[in-house]
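1. following is a predicted model, sequence given first.
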2 protein chains.
Amino acid sequence: MANIVQPRTLSGFMELLPDEQIMFERVKAKLEQTFGSYGFFPLDTPVLEYSEILLAKAGGETEKQIYRFEKGDTDLTMRFDLTVPLAKYVAKNQGVLTFPFKRYQIGKSYRGERAQKGRFREFYQADIDIIGDGSLSIVNDAEIPSIIYNTFNALGVDDFTIRINNRKVLNGLFAKYELKADPAEVLRIIDKFDKIGFDNVKAELTELGVEEGVAAELLGLLTFKGTKAETLDKLKAMLSGDTSPEAKDAILRTGVEELEQVVKYIGDFGVPDKYFAIDLTIARGLDYYTGTVYETTITKHPEIGSVCSGGRYDNLAGFYTTKQLPGVGMSIGLTRLFYILNESKYLNDKLKSPADVLVIPMTEDMGKAVEISAALRRAGIRTQVYLEQKKFKAKIGYADKLGIPFCIFLGEDEIAANKVSLKNMIDGDQVTCDTEEAIRTIKGFIEPLNEEKPVSLG
Amino acid sequence: MANIVQPRTLSGFMELLPDEQIMFERVKAKLEQTFGSYGFFPLDTPVLEYSEILLAKAGGETEKQIYRFEKGDTDLTMRFDLTVPLAKYVAKNQGVLTFPFKRYQIGKSYRGERAQKGRFREFYQADIDIIGDGSLSIVNDAEIPSIIYNTFNALGVDDFTIRINNRKVLNGLFAKYELKADPAEVLRIIDKFDKIGFDNVKAELTELGVEEGVAAELLGLLTFKGTKAETLDKLKAMLSGDTSPEAKDAILRTGVEELEQVVKYIGDFGVPDKYFAIDLTIARGLDYYTGTVYETTITKHPEIGSVCSGGRYDNLAGFYTTKQLPGVGMSIGLTRLFYILNESKYLNDKLKSPADVLVIPMTEDMGKAVEISAALRRAGIRTQVYLEQKKFKAKIGYADKLGIPFCIFLGEDEIAANKVSLKNMIDGDQVTCDTEEAIRTIKGFIEPLNEEKPVSLG
């Protein structure tokens, strides 16, 4: 070929090597399996949508980052999250969906962010959401994090904290302290707490016009370190005795009640105490949440930031329908999470081989090798047959490079005796046995392996 | 909200309802499971690539149909198949891949074709390919269709024919008949045989300059109806005695030998005779194949055309590397296949529920319901808990609408007696029993169900 085009992949687009991809698929399968075990529907919406749909709400940063173009006279945008397509989907199909509508979606989204290590322009998100029709019980706000707890547990990510807050608590406190500043701005600043710390947040708040004493008191409260019960008690102590809906602190009261209920139900849902916490500094300021909000951090790697966030929204699809559709959901940044697990060597390498056994025919006739391979596959063993005419060393080398734990050799002697030679590639042991025994041996090895989790934080 | 944007999905972009999506996922899972059982690596490449990469070869129709745009100063294209990205991937990673490289990829591709029923602009393809390093045994040309046979079988699509030909046979025949016309043009016309029939193909060939007698004789041969052995005999009878590489009919001889070997090995791989046939009219004229070519038709629905096609190519990645990378593969048009199965009511509706049981708490305290749900999930039962405060009828109606086969009621009496009330939603039977017995009953129902295939051609 005269002109060779340099084979390269776009910057910010994850393209894994085969053994990494196997691990990615194992992680993804655990998410699908866990979400599915809760009876959530899978969903798959187009990557491309009309720009007017995806950008009905968006503005500012989102507009700048999107992949938007025209084809013919159609203005198209590649989706930048899975929530806006969900809103469109639910609005479009509201007449035929059964509510509460529980769905998960694991799919790619696109944002043309500035390229940097660990930031991706094409990335998988794994979302779970529950959408109600007019109303949705607060208990759902507890079920969602309980599913995330079980998902992370199934993965082997067993050292994390789901941090919970409620936007009504924050808004209620702003009202109580009679902040004059724009609440959205205050939320945005508080949201930076993890990144810039107490003093900087306080400085930014005072810059925004919040009185220094008030800023200090508010931040003191938001950063109070105590048990969940102690934090709730501290909040409850701030409430007036007025429990009427017209009370000046009605929003704060509702927020505290919701937060207390969510915390109680998360426990009821079987999440151990140490995996969730109240964190009043969680604001999710840039999002559309109206009640419960969540972030999830890997306890020993706070620098990664949140690997799973979400919350409660009063009205999912207000841009597409007049019907009130409240919902609650969380989203795992799967590509970013996988990148970190891979970089940190937290993936379980024992699971990265594509096959459990390599059958190596030593005769011209493949008939017997193929017959045995079919029996192995029927027994649930992932089986490759080596079909190339190469030297013996090359055949073994192939199994070795792929980390295939067993080889079966089939020569004339084995075929005549109706046996196979089974080699354990890890300890080098080789035995001659019948096919059934080979199947038992291989299954004895892979069954405990397949029970192992894809991640180990070490 | 003042301005409602009409929620709509782009024409030609499949967006399924939840119960259809469940069936799609079941079909997709069968493909992944079967491909994986052969030890193929999964692969996932970006949807977006540099235009110069994707369009290194393309021209004509492809160029017109693609989604191509600029972002900043980067010229981007959405992939239009999974083969070109594979070529780039293998060329890019040739130094670290182990050959033969066996991979499958199930992913979305994009072509802006004229919108019409059953044609999709965003569509899943499910590809399997084996790529060699310099050389690749002809036995691989038989393994690929044997995997497709097992895949369709696992799906429940049990009435199909894999039709096999070899481009060298066609090119050898063109040489033998001393056709002066452009072989690519002749292939393109022959490829239309299924659509336009004998007489029209003959007319187009003569129009192209092929002598009428020759066209008739060639077409007579290509459409010969006989067993595989009879067709091979007929071809062999046309060969000269000269077996040297310099023989005038060397290409025809090689083609016939390859075809014979592939047919023999497909049998060795356990594919029953009725599921594959030689069809000398298969040309895959627009593609880059150089030897074996395949098409697969649903026997009772020939009008659908090929649902799985592919073949052997001598040089996968010539645009990206000087290294010779021969390969063989097949591709299932998954979105189109699913569309047809769904339209024809060939999907197994018994598998479309998202959950196996709905747990309905009848008390304020969810603790017991959640505890039992966790036990059900641990037993492999997909379990939803109904969390809304609705009337009893609404709760039952929810299970009914989703086709959930069992409900468990947990009232104060049940909780006090450490029992559950289990209702079979299909026959209406209701019993009070302990959790273990409920698990046994539900598993007794779902285990045979989960063995059922997602498709039934009826």
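-> Perfect, thanks for sending it.
2. going forward, measure contacts and count neighbours with C-alpha atoms only.
-> Noted.
3. what residues are bridge-paired with the residue lying closest to residue A:35 once chain neighbours are set aside?
-> Of all residues not flanking residue A:35 in the chain, residue A:104 sits nearest, at 6.7 Å (C-alpha to C-alpha, 6 or more residues apart in numbering or on different chains). Counting by DSSP bridges, residue A:104 forms beta bridges with residue A:42, residue A:128.
4. swap in residue A:330?
-> Counting by DSSP bridges, residue A:330 forms beta bridges with residue A:128, residue A:310.
5. ok so, going back, I figured the residue nearest to residue A:35 hits residue A:127, correct?
-> Yes - in this structure residue A:104 lies within contact range of residue A:127 using C-alpha atoms under 8 Å: 5.4 Å.
6. distance of residue A:37 from residue B:376?
-> Per C-alpha to C-alpha, to the nearest Å, residue A:37 is found 9 Å from residue B:376.
7. so between these two, which is more surrounded?
-> Using other C-alpha atoms under 10 Å in any protein chain shown, the more surrounded residue of residue A:37 and residue B:376 is residue B:376, with 25 against 22.
8. regarding the more buried one, what is its secondary structure?
-> Per DSSP: H, G, I helix; E, B strand; the rest coil, the secondary structure class of residue B:376 is helix.
9. tell me who's in contact with it.
-> B:382-383, B:439 (C-alpha atoms under 8 Å, 6 or more residues apart in numbering or on different chains).
10. could I get those residues as a markdown table with neighbour count and secondary structure?
-> Listed next are the contacts of residue B:376 as a markdown table, based on neighbours: other C-alpha atoms under 10 Å in any protein chain shown; DSSP: H, G, I helix; E, B strand; the rest coil:
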| residue | neighbour count | secondary structure |
| --- | --- | --- |
| B:382 | 26 | coil |
| B:383 | 27 | strand |
| B:439 | 20 | helix |
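11. what about the residue nearest to residue A:265 when sequence neighbours are not counted, which helix or strand?
-> Spatial nearest neighbour of residue A:265, chain neighbours left out: residue A:142 (5.6 Å); criterion: C-alpha to C-alpha, 6+ apart. Using DSSP states H and E, residue A:142 sits within helix A:140-155.
12. for chain B, what are the nearby residues on the stretch 301-450 of chain A?
-> Neighbours of chain B within the stretch 301-450 of chain A, by C-alpha under 8 Å from any C-alpha of the partner chain: A:318-322, A:354-356, A:366-367, A:370-371, A:377, A:380-384, A:387-389, A:398, A:401-402.
13. now with 6 Å, please.
-> A:319-320, A:354-355, A:367, A:370, A:382-384, A:388 (C-alpha under 6 Å from any C-alpha of the partner chain).
14. quick check: residues of the stretch 151-300 of chain A near chain B?
-> Within the stretch 151-300 of chain A, the residues that sit near chain B (C-alpha under 6 Å from any C-alpha) are A:268-269.
15. and the residue of the stretch 151-300 of chain A that's closest to chain B?
-> Residue nearest to chain B within the stretch 151-300 of chain A (C-alpha to the nearest C-alpha): residue A:268, separated by 5.0 Å.
16. ok, that residue - contacts?
-> residue B:367 (C-alpha atoms under 6 Å, 6 or more residues apart in numbering or on different chains).
17. kindly report the same for residue A:453.
-> Applying C-alpha under 6 Å, 6+ apart, one finds that residue A:453 lies in contact with A:155-156.
18. could you report the pLDDT at it?
-> Residue A:453 is assigned 97 on the pLDDT scale.
19. CA atoms of stretch A:446-453 as PDB?
-> C-alpha atoms of stretch A:446-453 as PDB (Å, rounded to 0.1, in the frame of the first residue of the first chain):
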ATOM      1  CA  ILE A 446     -12.400 -22.100  37.400                       C
ATOM      2  CA  GLU A 447     -15.500 -22.400  39.600                       C
ATOM      3  CA  PRO A 448     -13.900 -20.700  42.600                       C
ATOM      4  CA  LEU A 449     -12.200 -18.300  40.200                       C
ATOM      5  CA  ASN A 450     -15.500 -17.200  38.700                       C
ATOM      6  CA  GLU A 451     -16.700 -16.400  42.200                       C
ATOM      7  CA  GLU A 452     -13.900 -14.000  42.700                       C
ATOM      8  CA  LYS A 453     -14.600 -10.300  42.500                       C
END
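20. I'd say residue A:107 and residue A:127 touch.
-> No - Residue A:107 is beyond contact range of residue A:127, at 8.7 Å (criterion: C-alpha atoms under 6 Å).
21. before we move on, back to that, export the helix holding residue A:142 to CSV, keeping only CA atoms.
-> Taking Å, rounded to 0.1, in the frame of the first residue of the first chain, the C-alpha atoms of helix A:140-155 are listed here in CSV:
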residue,chain,number,x,y,z
ASN,A,140,-36.9,5.2,47.0
ASP,A,141,-34.2,7.7,48.1
ALA,A,142,-32.9,5.0,50.4
GLU,A,143,-33.3,2.1,47.9
ILE,A,144,-31.0,3.7,45.3
PRO,A,145,-27.9,4.0,47.6
SER,A,146,-28.6,0.5,48.9
ILE,A,147,-28.3,-0.8,45.3
ILE,A,148,-25.1,1.2,44.9
TYR,A,149,-23.8,-0.4,48.1
ASN,A,150,-24.6,-3.8,46.8
THR,A,151,-23.1,-3.0,43.4
PHE,A,152,-19.8,-1.8,44.8
ASN,A,153,-19.7,-4.8,47.1
ALA,A,154,-20.2,-7.2,44.2
LEU,A,155,-17.4,-5.5,42.4
